[in-house]
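**Student:** fold the following, please.
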Amino acid sequence: MRAVGTLERLPLHASAATRALEASAAARLPAHTLMQRAGQALAALGHALAPHARRVWVLCGPGNNGGDGLLAAALLQRRGLAVSVTLLAEPQHLPEDAAWARRQACAAGVAFVDGAPELAPQDLCVDALLGLGLSAAARAQPPAPRLLQALRQLRASGATVLCADLPSGLLGDTGCWAPGFEDLPPATGALHTLSLLTLHPGLFTAHGRDAAGTLWCDDLQTDTSAEPAAALLCGRPQPAARAHASHKGSFGDVAILGGEGLGARGMGMTGAAVLAGIAALHAGAGRVLLALLDGGASQDLPAWPELMLRRPDALVLQQGSVVCGCGGGQAVAPLLARVLAEATRLVLDADALNALAQSAPLQQALAARASQAGHATVLTPHPLEAARLLGSSAGEVQADRLRAASALAERHRCTVVLKGSGSIIATAGQTPGINPTGNAKLATAGSGDVLAGLIGARLAALAAPDGASIQQAVCDACWQHGALADHWPAGRALTASALAQALTPCAA
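**Tutor:** Numbers count the residues shown, from 1 in each chain. Down below sits the predicted model:
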């Protein structure tokens, strides 16, 4: 068993793959072995998380997730704790393993109760109601009132809550709540989830990170490599030393093309482009060239003499990388055809994405880049921008973030960063990544521009970009961006400019 942090690169398996691994392991092992291991893991972790507990309340559902909870209840009862089980199933309808676990709980003297026992904050609750067992058919029906009432009582108890495999109602493949579970209150006590056999993508994106609390994993002594991962959890970047005999050309140029001025619409957004430039500069780019649009100017530029001003028409787009769109407004659209045709390494953000979504010729030009050797293209949409590019809605994108990002990457044969809680990094032909770092401090204006500039610097530094190296570079950028927020000093406001200046050339 292990705590799941942000440092390791870990495989994440879809529900179907996990079930296949479970079936294969169960066929090879003596009867009830996997459930024994799962119950032992739950009991051991529960006891460690609530070492002073006197009472334990275990909620068990009708499937093998409930069986895991029943066996954990038996083991905790044998440790001398007062264990109560609420079983939301008819005993005669339990599957074979769960029925066996119920007999173990009865033999141990576990009390079966209909409602919540009286619990103290030091006590323990185990949610073993659904896990991966929420089938498509079950999702089509409203959850039973008794089940929802039990979950409300569990979350309101104030005791430590340990979820078996998944918080009940959370969909393991997407991180979304199943219909009927969205309005449940958060747990008032400490919240933990023990993922059994495999880790699931939904624990790391959409609502998953809030729903799961502190995350643990136990592979039940089973090799999970037989099934391909649906995604990989991005790990800490490998430190890369800079050779002493280096010069600014060793690390590439980053050209920032954006920042609509006040002239056309009276809506100046030069700050977005400046933030991207500051980020690229601190992330180690050899030179940063700033081309503001619509005659834009910024009073902040005297503080950053390292940002080299250029007119858009004076940029040589084939050199280094180009970050296009940050604060571009309506002024960026007329430049996109040239950018798509000439830029070798390209990051498209914000208004560049909106202009792309509205133009079939620009989308054709984007697709044409995929056939050019050595070209790299990264799109960095938030959910609404992704929806515009896919011709869908933000709600549909958020309902399956992994699928949406992968579909966008395959459609345009590029790399996509679908921003949000658990940002998805998808590259055509590569296993998608999910970024484990970051928090709500990044929900501030300009933090996306900082990420775009950081990605631009990482692309510029690549020796020979291909699908795998681009995917890794973008994963590393997202990890560093979020890790800075995770370690941000308490009491200090996280602003985009402060975030950009905290970047370093080496993420690790």
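**Student:** and residue 337, what does it touch?
**Tutor:** The contact partners of residue 337, taken as CB atoms under 8 Å, 6 or more residues apart in numbering, are 361, 362, 365. C-betas here are computed from N, CA, C, even on glycine.
**Student:** SS state for it?
**Tutor:** Reduced to three states with DSSP: H, G, I helix; E, B strand; the rest coil, the structure at residue 337 is helix.
**Student:** what does residue 258 give?
**Tutor:** Residue 258 ends up strand, using three-state DSSP.
**Student:** domain assignment for this structure?
**Tutor:** For the chain, automatic domain parsing gives the domain ranges 2-231, 248-502.
**Student:** how about these in CSV, adding mean pLDDT?
**Tutor:** Converted to CSV, those look like this (pLDDT from 0 to 100):
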stretch, mean pLDDT
domain 2-231, 95
domain 248-502, 94
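**Student:** distance to residue 242 added to these, as a markdown table?
**Tutor:** Converted to a markdown table, the domains of the chain look like this (distance: least, CB to CB, whole Å):
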| stretch | distance to residue 242 |
| --- | --- |
| domain 2-231 | 22 |
| domain 248-502 | 8 |
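**Student:** closest to residue 239 out of the ones you listed?
**Tutor:** Nearest to residue 239 among the domains of the chain is domain 248-502; the distance by CB to CB comes to 10.8 Å.
**Student:** kindly check the end-to-end length of the closest one for me.
**Tutor:** End-to-end span of domain 248-502 (CA to CA, to the nearest Å): 20 Å.
**Student:** with stretch 205-214 instead?
**Tutor:** 14 Å.
**Student:** which residues touch residue 392?
**Tutor:** With CB under 8 Å, 6+ apart, residue 392 has these contacts: residue 404.
**Student:** now do the buried residues in the longest helix along the chain.
**Tutor:** In terms of residue count, the longest helix belonging to the chain (DSSP state H) is helix 467-486. In terms of neighbour count (16 or more other CB atoms under 10 Å), helix 467-486 has its buried residues at 467, 469-485.
**Student:** let me see the residues that make contact with it.
**Tutor:** 6, 234-237, 283, 376, 378, 415, 417, 423, 425, 427-430, 433, 435-439, 441-442, 447, 450-451, 454-455, 457-459, 461-462, 465, 494, 499, 502-503, 507.
**Student:** out of these, which end up buried?
**Tutor:** Here, 16+ other CB under 10 Å leaves 6, 234-237, 283, 376, 378, 415, 417, 423, 425, 427-428, 430, 433, 435-438, 441-442, 447, 450-451, 454-455, 457-459, 461-462, 465, 494, 499, 502-503, 507 buried among the contacts of helix 467-486.
**Student:** chain neighbours aside, what residue packs nearest to residue 434?
**Tutor:** residue 204 (4.7 Å; CB to CB, 6 or more residues apart in numbering).
**Student:** what's around that neighbour, how many residues?
**Tutor:** 26 (other CB atoms under 10 Å).
**Student:** one step back: of the contacts of residue 337, which is the most crowded?
**Tutor:** That'd be residue 362 among the contacts of residue 337, by other CB under 10 Å, with 19 neighbours.
**Student:** C-terminal to the strand or helix carrying it, what's the next element?
**Tutor:** Using DSSP states H and E, residue 362 sits in helix 360-369. Later in the chain than helix 360-369, the nearest helix or strand by DSSP H and E is strand 376-379.
**Student:** quick one: that following strand to chain centroid distance?
**Tutor:** Computed by CA atoms, centre = their mean, to the nearest Å, the chain-centroid distance of strand 376-379 equals 19 Å.
**Student:** what's next to that strand, contact-wise?
**Tutor:** By CB under 8 Å, 6+ apart, the residues outside strand 376-379 that reach it are 321, 344-349, 353, 366, 369-370, 389, 408, 412-417, 455, 459, 462, 465, 470, 474.
**Student:** parallel or antiparallel, list what pairs with it.
**Tutor:** strand 345-348 (parallel), strand 415-418 (parallel) (DSSP bridges).
**Student:** export the first one as CSV, just CAs?
**Tutor:** Once side chains and other backbone atoms are set aside, the C-alpha atoms of strand 345-348 remain, and they are given as CSV (Å, rounded to 0.1, in the frame of the first residue of the first chain):
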residue,chain,number,x,y,z
ARG,A,345,7.0,25.1,-33.0
LEU,A,346,3.7,26.6,-32.1
VAL,A,347,1.6,27.2,-29.0
LEU,A,348,-1.9,28.4,-29.7
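**Student:** chain center to that strand: distance?
**Tutor:** Counting by CA atoms, centre = their mean, strand 345-348 comes out at 22 Å from the chain centroid.
**Student:** correct me, but residue 349 touches residue 450?
**Tutor:** No. Under the criterion of CB atoms under 8 Å, residue 349 makes no contact with residue 450, lying 10.6 Å away.
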